[in-house]
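Q: 3D, please:
(chains A and B)
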Amino acid sequence: MSKTGIRAKLHSMNLVFIVLGTVILLFIFVPPLKTMFSSSPGTIWNTLLQTEVYSSILLTVYAALVATLVGLLLGVPLAYILSRHEFRGKRLLEALIDVPIVMPHSAVGIALLFVFGSRFLMGKFLNNIGIGFVDEVTAVVFAMMFVSVPFLIDSAKEGFNAVDVRLEKVARTLGASPWRSFFRISLPLAWRSIFSGSVLMWARGFSEFGAVYIVAGHVPFFGYHPVAAPILVTELFESPGGLGAAQPVTVLLILICLVAFVVFRTVASRGVKV
Amino acid sequence: MIKIENLKVDLGDFLLRDINLDIRSGEYFIILGPTGAGKTVLLEAIAGLHPVLDGRIWIDGREISRQSAEKRGIGIVYQDQVLFPHLTVEDNIAFGLKLRKRPKGEIKAKVDIMAEIVEIPHLLKRSPATLSGGEKQKVALARALVIEPEVLLLDEPLSALDPEMRERMQEELREMHRRVKVTIIHVTHDFEEAVALGHRVAVLNEGEIVQVGSLEDFLHHPSSEFVARFALSRNIFNGKVVGAEDGCTFVDIGGVRVMAITELRSEVRLSLRPEDILISKEPFQSTARNSFQGVITDIADRGSIVYITVNVLPDSYLTNSAILRRGLDFVCLITKRSFEELKLRKGVSVWVTFKASAIHVF
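A: Okay, the predicted model is just below:
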């Protein structure tokens, strides 16, 4: 079935819709593009060489990566359970998993403090095993993980849903234990969805401002004391330099996210034929 | 030998119960039933893919009811699309052997032999996505057989194939079963398939086995209306025994009195296979006890055979009941040739004749 070409039927309605669509497209494209092209590559390069900037970007890349890895370890098994089993309250659980997406991000930060703050149960426990939370990398990782892990869980679940259960059943009859059938059949067949979910999660974590801002300012990181990159942008913006000072770092952040997004699209579009 | 005793499987919204089967070693056993009868659940329970709530399963005297699927040594082949899509044909077939950590040379040799048996050596390097439906089924068969299972379960293995391919694969299954000594349990909803392949057939309906036996048993002695219908007996009537003499029983079916042979009395059901009814334009001179005049109301041309519906009016023509006045429909089966020779058409008056012994009463 082929879609009718737009030109074939240039009805007045189509015209109106095209105009409206163009407005929203320009709205999405113009600000980041204008930002990117108002700095010279030289300025951007020099900005990147500043300790404050590269340590901040490294911290953010690193923390988002750790968050994603923990998300993979804890989220993929959950996604598999949700994909393979029916149980009472499953719908509710699936809805709850997506709650972080709709929560105000500063509220996420506050909520995290109520559990992991040094006065509270988990905070005390972490302290006892030698892990600090507030103003530590741990806090950055946790804040990023909270707001971004639903993307990974949802994507992995879709991936497992697309794997025929009977493939696992056949593997079992051929001598595979449930573990083996998971690692040899289910996981390889769902990996594209899991990977693209990971990239989404990483990018979402990398971009997080509100939750991170509440739980962690400058954190110790390999001998530096950077803030997460989105916070750095805000700090620069509020500095005497204002918009001009914030711009080169903003360009760097946009570029990094674009790269992640291109990776995501490439992997997601190379669908395997099942 | 596989022995299943009082097997019960509960899937929440579906219950399989009181399953008792004795399947002989090397037998080609068919489980026949309509969609939703529980055929796949039964197969998967035998394979160990559903927890058994109650009852027991033995293979050659070894109880496997609580054993996990990977230890049972039972292969399964599904209807469609169940090759591992991320592995080549060769790796699909080798899957079970690799899990058993057999030496590379042995795996290669066994895969090659199996590919020869199902005639797909030229496909080994291909990806499953590039295969036809029939080729996929052959790979799935090879993959299941290469680990030398004691029992092979086939879940509607031919249903996804086009008619021509289905017939060929049917032939190949028969041939494969002859060459590889394996007990096969084959599940299908297709009566013709059951007829073509099975030594014995179990009919499953709504989670229960309603009859086990040979084909002859089903055609001549269906244990219930369900089985009779399934066995293509298009003529099933409710009737009442109204008398008996000389070993023959008179049964009134909607105003038409037929003669049957049965010990049953009062309310009964009758089934009559369409091919056991003779059609003629004149009254038929024979020893057959049942002969009625009626009018052709429907003709269904099925190629070389033709189903003809003949409406017979009740004896007591003046009855007031609307149901009785509609008369009784007999479905008859004749060859295309006799159909043409008799010049049958809708509205033509004919005689239907059948023996008392052709009627099955239950």
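
Q: Stretch B:157-173 near chain A at all?
A: No. Using CB under 8 Å from any CB of the partner chain, stretch B:157-173 never reaches chain A; the gap is at least 12.7 Å. The way it works is simple: take the backbone N, C-alpha and C, and place the C-beta from them, glycine included.

Q: What residues sit buried inside that stretch?
A: Residues B:157-158, B:160-161, B:165-166, B:169-170, B:172-173 are the ones in stretch B:157-173 that count as buried (16 or more other CB atoms under 10 Å in any protein chain shown).

Q: Can you show me the helices along the stretch 151-300 of chain B?
A: B:163-179, B:191-197, B:215-220, B:225-230 (DSSP state H, counting those that start in this stretch).

Q: so which of those comes closest to residue B:109?
A: Closest of these to residue B:109 is helix B:163-179, at 17.4 Å (criterion: CB to CB).

Q: And the contacts of the closest one?
A: Helix B:163-179 is contacted by residues B:28, B:117-119, B:132-134, B:137-138, B:141, B:145, B:154, B:157-159, B:161, B:184, B:186, B:193, B:196-197 when judged by CB atoms under 8 Å, 6 or more residues apart in numbering or on different chains.

Q: Stretch A:20-35 too?
A: In contact with stretch A:20-35 (CB under 8 Å, 6+ apart) are residues A:247, A:250-251, A:254.

Q: Swap in 10 Å and give it another go.
A: A:243, A:246-248, A:250-251, A:253-255, A:257-258 (CB atoms under 10 Å, 6 or more residues apart in numbering or on different chains).

Q: Let me see the contact set for residue B:213.
A: Contacts of residue B:213 by CB under 10 Å, 6+ apart are B:200-203, B:219-223, B:227.

Q: Strands - which of these land there?
A: With DSSP state E as the criterion, strands contain B:200-203 from among those.

Q: what's the closest of those to residue B:266?
A: residue B:203 (26.3 Å).

Q: burial measure for that closest one, as a count.
A: For residue B:203, the neighbour count with other CB atoms under 10 Å in any protein chain shown is 26.

Q: ok, now which ones touch it?
A: Residue B:203 makes contact with B:30-34, B:37, B:191, B:194, B:209-213, B:218, B:222-224, B:226-227, B:230-231, according to CB under 10 Å, 6+ apart.

Q: Can you say which of those are buried?
A: Of these, these count as buried by 16+ other CB under 10 Å: B:30-33, B:37, B:191, B:194, B:209-213, B:218, B:222, B:226-227, B:230-231.

Q: returning to what we had before: for PyMOL, what selects the buried ones among the contacts of helix B:163-179?
A: Burial among these is assessed by 16+ other CB under 10 Å; the matching PyMOL selection reads:
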select buried, chain B and resi 28+117+118+133+134+137+138+141+145+154+157+158+161+184+186+193+196+197
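
Q: rewinding a little: could you export the helices of the stretch 151-300 of chain B as CSV, including mean pLDDT?
A: Converted to CSV, the helices of the stretch 151-300 of chain B look like this (pLDDT from 0 to 100):
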stretch, mean pLDDT
helix B:163-179, 82
helix B:191-197, 73
helix B:215-220, 68
helix B:225-230, 70
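
Q: low-scoring stretches of the stretch 1-150 of chain A, by residue?
A: A:1-9 (pLDDT under 70).

Q: How about the contacts made by the residue in it that chain B sits nearest to?
A: Closest residue of the stretch 1-150 of chain A to chain B, CB to the nearest CB: residue A:86 (8.1 Å). Applying CB under 10 Å, 6+ apart, we find residue A:86 in contact with B:12-13.

Q: Now do the SS call for it.
A: Secondary structure assignment for residue A:86 (DSSP: H, G, I helix; E, B strand; the rest coil): coil.

Q: what's the answer for residue B:18, then?
A: strand.

Q: From chain A, how far off is it?
A: Counting by CB to the nearest CB, to the nearest Å, the gap between residue B:18 and chain A amounts to 25 Å.

Q: Quick check: residues of the stretch 51-200 of chain B near chain A?
A: B:68-87, B:92, B:95-100, B:127-130, B:140, B:143-144, B:146-147, B:149, B:152-153, B:155 (CB under 10 Å from any CB of the partner chain).

Q: What is the burial count for residue A:72?
A: 19.

Q: Now do the same contact list for the residue nearest to it when sequence neighbours are not counted.
A: Among residues not flanking residue A:72 along the chain, residue A:198 sits closest, at 6.3 Å (CB to CB, 6 or more residues apart in numbering or on different chains). Listed by CB under 10 Å, 6+ apart, the contact set of residue A:198 reads A:65, A:68-69, A:71-72, A:75-76, A:148, A:151-152, A:155-156, A:191, A:264, A:267.

Q: Tell me which residues touch residue B:108, please.
A: If you count contacts by CB under 10 Å, 6+ apart, residue B:108 has them with B:90, B:94, B:97, B:102.
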